[in-house]
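make a model of this:
(one chain, ligands or ions: 4)
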Amino acid sequence: MPEKRTVQTLCRMCDDRCAINVYLEDGKIVDIDGYKDHPWNRGRLCVKARAAVDMVYHPDRLLKPLKRSGKGFDEIPLEQALDEIAERLSAVKEKHGARSISIWKGEAIGFAQEEEMARRFVHALGSPNYFSNDSMCYNGRYFGYRLVEGSWPVPDYDNSRCVVLWGANPPHAHPNMTQMIMRARRAGAKLVVVDPRMSAIARQADLHAALKPGTDGALALGLIQQLIETGSYDRQFVESCTVGFDELAEYVKAFPPEAVEEHTGVPAALVREMARAMAVAAPRVAVYVGNGPEHHENGINNIRAVACLDAILGALDREGGNRLADGFQAAHLTLYDEIPLEHLGPIGADRFPVLYDFRQECHTMTGMDTILSGDPYPLRAMILTAGNPAITNPNTPKVRKALGSLDLFVVRDLFMTETAELADYVLPAASFLERVELHTHAKYQTVTMTRKILELPDVQDEYQFWHDLAHRLGFGEHFPWKDETELTGWILRSAGLSPEQAAAHPEGIQYAPIRYEKWKNQPLSTPSGKVEFRSRYLEDLGYPALPEYRPPAYMDSPDPDYPYVLITGARKLIYYHSRFHNIKRFRTAIPGPEVELHPDDASSLEIADGDTIRITSRIGSVEVPVKIMSKSEILPGTLQLTHGWREANANLLTHDDRFDPISGFPLMKAVEVRVEKV
Ligand SMILES: Nc1nc2c(c(=O)[nH]1)N[C@H]1C(S)=C(S)[C@@H](COP(=O)(O)OP(=O)(O)OC[C@H]3O[C@@H](n4cnc5c(=O)[nH]c(N)nc54)[C@H](O)[C@@H]3O)O[C@H]1N2
Ligand SMILES: Nc1nc2c(c(=O)[nH]1)N[C@H]1C(S)=C(S)[C@@H](COP(=O)(O)OP(=O)(O)OC[C@H]3O[C@@H](n4cnc5c(=O)[nH]c(N)nc54)[C@H](O)[C@@H]3O)O[C@H]1N2
Ligand code: SF4
Ligand SMILES: [Mo]
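Ligands and ions are numbered 1, 2, ... in the order given. Next up, the predicted model:
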């Protein structure tokens, strides 16, 4: 009889982190299903969870450290790899100083303790240069909301009467959010979707505003104009809890519905209807902004304008509105207070001061330029974990050239990726089923501990790797915990909990009760303590104080050489950026990349479904088969290509030279292109 065992943990095939049962026989994972008692997913899973078994035991999984030799790699023992990496890091430090060494953390290890460890390591080493996927993800929305209301709120879908999804498509990107929205709809909530495409969620909507890419600010300002003009705003909240209302009210006068129609293509009547739907439901209006509005040259101010709606509607931190969640109060691993290194010139902090001030992030695109130019100082070594920027960062040829030119490039991954192919050392990394860590779910304010279910020889978890390298480099005192389990225990104890408690509660432990209307007795985390329709902070940095609207370049100064506009990156449920293309079942369902095209464009270009086209931007070109959509599914003149494919890499087209000036986010969702049949 095989020895059978079931362990509860969290799925990390995406950042939703659903609770799962993992079934083992003789120490081998044989199945995964949903764990019903966790409030987050209530036993539901998407198809990716079960694919974790395929991923963990994939025949292509890296199981031995690799060292570059000529064009290929040789397997070497782990201890030798760590010794050599430590020696070579010391040599780079000796020659160019500590700040010439950097870390890059990708999406796959998330944003909690694994991220903090990476930040800790690089600071303990003496460099401020921490890079991550957040040069293009999340920060844009976080900044937009933090500037206005001090933090990024959690939509209270369950109690909402009107759900507004702004440039987000949860059926593909956030399955649990979809469940919550559907529950709200069944209880009578209206659903409003703002998206240039008829996405899976737009299909379900009561109102769908198919705006032109990058025009979000004009629509949001137009809604504010309507709410103010019709007297449908929360006067009391605005008077007691906001700054800059009069200036904003004056500014939005330029955005009556007819002007909004001009800017966005959304019919004036629909703008009025959207404002009415929100006004009727206020304050129970839950607004969620996705990745769609982030990747634009006026992205942050557009998102700020959307964020202002919370206060106008009185929905901020109200039941059914956008709640400001309490964070998990526990010890942090970062060393920003203990070892301040700002004086060393974190890469990009001069260009994008908000990015560094709010998040202590360096700017990846500036990082590539710095590697290639040595300006303002040499950046010569990088350890990259859990990311694949040679596919996911804009302007792929430049990324490849830069990473390939480093004196030392170390990549930790589960597979030999396009990025790992450029490395001097490739180290096999532990998957989420091979490590212990803490995760919070802000909606329920719970903390859950994941379990180390497997252990593979030579495959290190994140902590063990940083620990072993730090001890070799002489700053082991910053990594005193024996292993990840001990470290996790230390974090838990700092919050008054124990590992035993966490292990006994796979459904999570609520760390703070859910509260609403906290602004009644405590200031918001903005400089003024109030909602900031106008921002002194931004003004002092030379940015507009109000969330001003600027039309996207393709509308403001159209270039006849590039008459189409390309959106990139709309998610597909079964793939995750560059991940899971090696799962056979998934390849049967979606065999390869395709670009979405409007039928009128297809006929004017004489293109049939399945034909291959060449798309060319000012950065480069790709060839990719066409999927002709129906007329309502995408705007004419607009194309959509999902990123992450080696076979047709969207980031051969995207800009690493055009940014939102506040966040430094690259232009990836309104790229001017031309199209030819090949
Ligand atoms: N299966 C799967 N899930 C994922 C991911 C994945 O790769 N695969 N990635 C994860 C990550 S890291 C992230 S950041 C999230 C992203 O989560 P979402 O933002 O919900 O995901 P997207 O599918 O990119 O949805 C963005 C939508 O914005 C629309 N859009 C494009 N341009 C604009 C615009 O200018 N304005 C507006 N209003 N809309 C626009 C697109 O058509 C698209 O439907 O998904 C996460 N979940
Ligand atoms: N054109 C375009 N580009 C985009 C976007 C877009 O919308 N359009 N979206 C952007 C966004 S929002 C994001 S977040 C980024 C994401 O960009 P990346 O962070 O580069 O994400 P992935 O491509 O998923 O790469 C994750 C890598 O980690 C590996 N991995 C998986 N599990 C583990 C683990 O447990 N440990 C370690 N060490 N490695 C692991 C995987 O095999 C994979 O190679 O892409 C961005 N790129
Ligand atoms: S949504 Fe799917 S992939 Fe993401 S955590 Fe849940 S089950 Fe895993
Ligand atoms: Mo992301």
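
who's residue 165 bridged to?
With DSSP bridges as the criterion, residue 165 is bridged to residue 193, residue 288.

my guess is it contacts residue 290. True?
Yes. With contacts counted by C-beta atoms under 8 Å, residue 165 reaches residue 290, the gap being 7.1 Å. In short, each C-beta sits where N, CA and C put it, glycine included.

and the two? Which one has more around it.
The neighbour count for residue 165 versus residue 290, taken as other C-beta atoms under 10 Å, is higher for residue 165 (28 against 22).

please state the offset of the longest helix along the chain from the chain centre?
Counting residues, the longest helix in the chain under DSSP state H turns out to be helix 78-96. From the chain centre to the centre of helix 78-96 is a distance of 32 Å (C-alpha atoms, centre = their mean, to the nearest Å).

name the next helix or strand downstream of that helix, please.
strand 101-105 (DSSP states H and E).

what does the longest helix of the chain rub up against?
65, 67, 76, 100-101, 125-126, 377-378, 380-381, 383, 407-408, 410, 424-425, 427, 458, 460, 468-469, 472-473 (C-beta atoms under 8 Å, 6 or more residues apart in numbering).

what about the residues you listed, which are in helices?
Counting by DSSP H, the part of those found in helices is 125, 468, 469, 472, 473.

pull the most distant pair out of those residues.
125 and 468 (13.8 Å; C-beta to C-beta).

the more surrounded of the two?
residue 125 (24 against 19).

name the nearest residue to the more buried one, sequence neighbours excluded.
The spatially closest residue to residue 125, leaving aside those adjacent along the chain, is residue 98, at 5.7 Å (C-beta to C-beta, 6 or more residues apart in numbering).

residue contacts, that neighbour?
125, 126, 127, 344.

can you give me the distance of it to residue 47?
As for residue 98, its distance to residue 47 is 45 Å (criterion: C-beta to C-beta, to the nearest Å).

got the residues of the stretch 151-300 of the chain near ligand 3?
residue 175 (C-beta under 6 Å from any ligand atom).

quick one, helices of the stretch 151-300 of the chain?
170-173, 175-186, 216-229, 235-241, 245-251, 257-264, 268-281, 299-312 (DSSP state H, counting those that start in this stretch).

quick one: the shortest one near ligand 2?
Same thing as helix 170-173. No. Helix 170-173 lies out of reach of ligand 2 by C-beta under 6 Å from any ligand atom, never closer than 9.6 Å.

and the residue of the chain that's closest to ligand 2?
Nearest to ligand 2, among the residues of the chain, is residue 569, at 2.0 Å (C-beta to the nearest ligand atom).

okay, now that residue: neighbour count?
Applying other C-beta under 10 Å, I find that residue 569 has 22 neighbouring residues.

my read: residue 100 touches residue 376, true?
No. Here residue 100 does not reach residue 376: they are 11.5 Å apart, not a contact under C-beta under 8 Å.

just name the most buried of the helices of the stretch 151-300 of the chain.
Across the helices of the stretch 151-300 of the chain, the average number of neighbours (mean count of other C-beta atoms under 10 Å) peaks for helix 299-312, which reaches a mean of 29.

whether that one contacts ligand 2 - can you check?
No. Applying C-beta under 6 Å from any ligand atom, one finds helix 299-312 separated from ligand 2 by no less than 12.2 Å.

packing partners for the helix or strand that that helix is followed by?
Remark: after helix 299-312, the chain's next helix or strand is strand 322-323, criterion DSSP H and E. For strand 322-323, the packing partners by 3 or more C-beta pairs under 8 Å, 6 or more residues apart in numbering; DSSP states H and E come out as strand 154-155.
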